[in-house]
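[1] predicted model, plus sequence, below.
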Amino acid sequence: MENASANPSLASVLHQSVQAGRHITHTSSKQREQAIGSMATALRGAFHDILEANTLDLEASRESGVSDLLLDWLKLTPERLQRYIDLLHRVGELSSMYGSKDLGSPAGDRHSYSQVRPLGTVAFIYEALPELGAIAAGMSLKTGNSIILRGGTEAQHTNLAISTALRIGLERADFPIDAIQLVDSTPSLLYELLTHTQQVNLAICYGRPSLIHQVTQQATVSILPAAIGNCYLYWGANGNLELVRHAICDSHVGEPDAVNAIEKVLIHTDRSSTSLTTLWKSLKDRGFQLRGDRELVASYGEYLQLAPETEWHQPYLRKIVAFKSVKSVGEAISTIDRDSSGHADGIITDSYLETQQFVAGINSAYVYINASPRFHRHQRGSDRIWLGMSNYHGSQRGAIALASLVATQQVTMG
């Protein structure tokens with residue numbers, strides 16, 4: 001079999017992807033499960049090749065001055081690679097999305113029903129995090145779609161090794177290998193990919209805010225942007241201190257990307273100084289850098305550095321938390337709706353009234369009440385696998401899962 005090429009013409013890639021997608025549409029759920037299982041087995045067979053390619057990428061990235069954040073996202077350990085191979089196996093075993101639903105007879109003697117259909121071709125645009133290409137590919141095939149992978153320059157060797165293994169797995173399962181294709185990371189090619197509305201049915205983008213902004217500005221195809229960081233927590237006047245500490249610390253544990261990390265905390269002005277200093281000492285002991293607004297820094301300068309105004313609506317993507325005082329749950333809601341990333345925000349309070357006000361007023365995709373917002377791609381005991389979290393204001397808002405990669409078709413019979 002030929003290796004997955006990173007430099008064919010985009011027109012050829014798009015044509016091959018569309019043709020492969022049409023073939024996949026007619027396969028059974030069992031065939032797709034077997035193909036994804038074969039992909040995972042092929043990744044296991046290429047285990048050492050993938051790790052060697054990753055070492056090359058890490059060395060080149062360090063020499064070129066790539067940020068520590070991207071290096072953390074890029075680095076594959078044997079344990080991390082094996083975890084995602086197991087996760088790919090799990091994708092194949094998930095329940096099928098296909099089926100139909102009776103809609104009754106809305107008009108006259110006609111009968112209507114709806115059925116789930118694939119989108120067609122999905123483009124996955126991401127940086128570092130090479131293992132996510134495999135998960136995105138598995139989710140796309142599971143839902144009957146073909147996929148075009150476009151990773152970052154920093155992971156080019158790793159992405160090529162992974163995509164090659166995935167295509168070998170497809171070939172062994174007698175599946176069209178062009179259902180998974182890798183394209184290079186040149187900016188001009190990205191722009192072309194994002195503007196081929198006839199061939200690309202959905203573009204999912206995953207990475208730092210700079211990448212998300214670039215994709216959202218250039219795309220004419222439908223997009224599903226994934227959000228990372230800048231999640232807010234409101235600590236009400238009666239909220240439990242230990243719950244706040246747990247929610248902050250636990251939300252930063254996600255590996256390698258803490259998608260739902262709490263980076264901003266709004267504190268009701270009635271909170272005691274003892275509870276504040278206890279929390280801040282605990283966080284500092286755990287390696288967090290702490291910042292605050294002018295009011296808090298003026299009173300607690302030994303714990304907090306001043307957070308510039310520009311930082312309140314930007315993610316840190318590091319173990320940094322900034323604190324701001326607010327006078328009410330209403331002020332907290334307006335602050336969060338204005339400045340947070342809008343994908344995962346929470347409240348810690350013992351007040352039922354505050355909880356109801358918060359849930360009714362907040363405009364985030366996910367709201368957490370007295371709980372850690374920690375992100376799990378696959379939570380033990382759950383039947384769901386998430387690629388990421390979207391703050392997109394539309395029908396696909398929230399978790400990016402299998403349901404994000406299908407469409408509903410309405411059928412009416414006379």
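    Nice, thanks for sending it over.

[2] okay, now the domains of this protein?
    Per automatic domain parsing, the structural domains of the chain span 10-226+387-413, 231-369.

[3] low-confidence ranges in this protein?
    1-8, 97-110, 381, 394-395 (pLDDT under 70).

[4] list the contacts of stretch 33-51.
    27, 76, 78, 81-82, 85-86, 88-89, 91-93, 134, 137-138, 141-142, 158, 161-162, 164-166, 168-170, 172-173, 175 (Cβ atoms under 8 Å, 6 or more residues apart in numbering). Any C-beta I mention is one placed from the backbone N, CA and C, and that applies to glycine too.

[5] okay, the helix or strand harbouring Cys249 in PDB with CA atoms only?
    Assigned by DSSP states H and E, Cys249 belongs to helix 241-251. Taking Å, rounded to 0.1, in the frame of the first residue of the first chain, the C-alpha atoms of helix 241-251 are listed here in PDB:
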ATOM      1  CA  LEU A 241     -14.600  26.500  50.300                       C
ATOM      2  CA  GLU A 242     -13.500  22.900  49.800                       C
ATOM      3  CA  LEU A 243     -15.700  22.500  46.800                       C
ATOM      4  CA  VAL A 244     -14.100  25.600  45.200                       C
ATOM      5  CA  ARG A 245     -10.600  24.300  45.900                       C
ATOM      6  CA  HIS A 246     -11.500  20.900  44.400                       C
ATOM      7  CA  ALA A 247     -13.200  22.300  41.400                       C
ATOM      8  CA  ILE A 248     -10.200  24.500  40.500                       C
ATOM      9  CA  CYS A 249      -7.500  21.900  41.100                       C
ATOM     10  CA  ASP A 250      -9.500  19.000  39.500                       C
ATOM     11  CA  SER A 251     -10.300  21.000  36.400                       C
END
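
[6] coming back round to it: what subset of the contacts of stretch 33-51 is buried?
    Among these, the ones that count as buried by 16 or more other Cβ atoms under 10 Å are 27, 76, 81, 85, 88-89, 91-92, 134, 137-138, 141-142, 158, 161-162, 164-166, 168-170, 172-173, 175.

[7] against Gly133, how distant is Ala123?
    Distance of Ala123 to Gly133, computed by Cβ to Cβ, to the nearest Å: 12 Å.

[8] sorry, that was for Lys142
    Where Gly133 is concerned, Lys142 sits at a distance of 15 Å (Cβ to Cβ).

[9] what is the helix holding Cys249 packed up against?
    strand 231-235, strand 262-268, helix 273-285, strand 344-348 (3 or more Cβ pairs under 8 Å, 6 or more residues apart in numbering; DSSP states H and E).

[10] okay if I get those as CSV plus distance to Lys324?
    As requested, the helices and strands packed on helix 241-251 are exported to CSV (distance: least, Cβ to Cβ, whole Å):
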stretch, distance to Lys324
strand 231-235, 9
strand 262-268, 5
helix 273-285, 12
strand 344-348, 14
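
[11] tell me the contacts of Leu71?
    Counted by Cβ under 8 Å, 6+ apart, Leu71 has contacts 58, 61-62, 128.

[12] out of those residues, what pair is the most spread apart?
    Farthest pair in the contacts of Leu71 (Cβ to Cβ) is Arg62 and Ala128. Separation: 13.0 Å.

[13] for the two, indicate the residue with more neighbours.
    Each of Arg62 and Ala128 has its neighbours counted (other Cβ atoms under 10 Å); Ala128 has more, 28 against 12.

[14] ok, and the closest non-adjacent residue to the more buried one?
    Trp73 (3.5 Å; Cβ to Cβ, 6 or more residues apart in numbering).

[15] residues in contact with the spatially closest residue to Lys319 that is not a sequence neighbour?
    In this structure, Lys319 finds its nearest non-sequential neighbour in Phe288, 5.0 Å apart by Cβ to Cβ, 6+ apart. Contact analysis of Phe288 by Cβ under 8 Å, 6+ apart lists 248, 319-321.

[16] at 7 Å what do you get?
    319-321 (Cβ atoms under 7 Å, 6 or more residues apart in numbering).

[17] among those residues, which lie within strands?
    Of the contacts of Phe288, the ones assigned to strands by DSSP state E are 320-321.

[18] between the contacts of Phe288, identify the one with the most neighbours.
    Result: Val321 is most packed of the contacts of Phe288 (other Cβ under 10 Å), 26 neighbours.

[19] hang on, it packs against Val265?
    Yes. Using Cβ atoms under 7 Å, Val321 is in contact with Val265, at 6.1 Å.

[20] helix, strand, or coil at Ser17?
    helix (DSSP: H, G, I helix; E, B strand; the rest coil).

[21] any idea how far it is from Leu94?
    23 Å.

[22] tell me which of those two has more neighbours.
    Ser17 (25 against 20).

[23] could you pull out the strands for the stretch 151-300 of the chain?
    180-182, 202-206, 223-225, 231-235, 262-268, 289-292 (DSSP state E, counting those that start in this stretch).

[24] quick one: closest of those to Asn54.
    strand 180-182 (15.4 Å).

[25] which other helices and strands contact the closest one?
    Using 3 or more Cβ pairs under 7 Å, 6 or more residues apart in numbering; DSSP states H and E, the elements in contact with strand 180-182 are helix 10-25, strand 146-150, helix 156-172.
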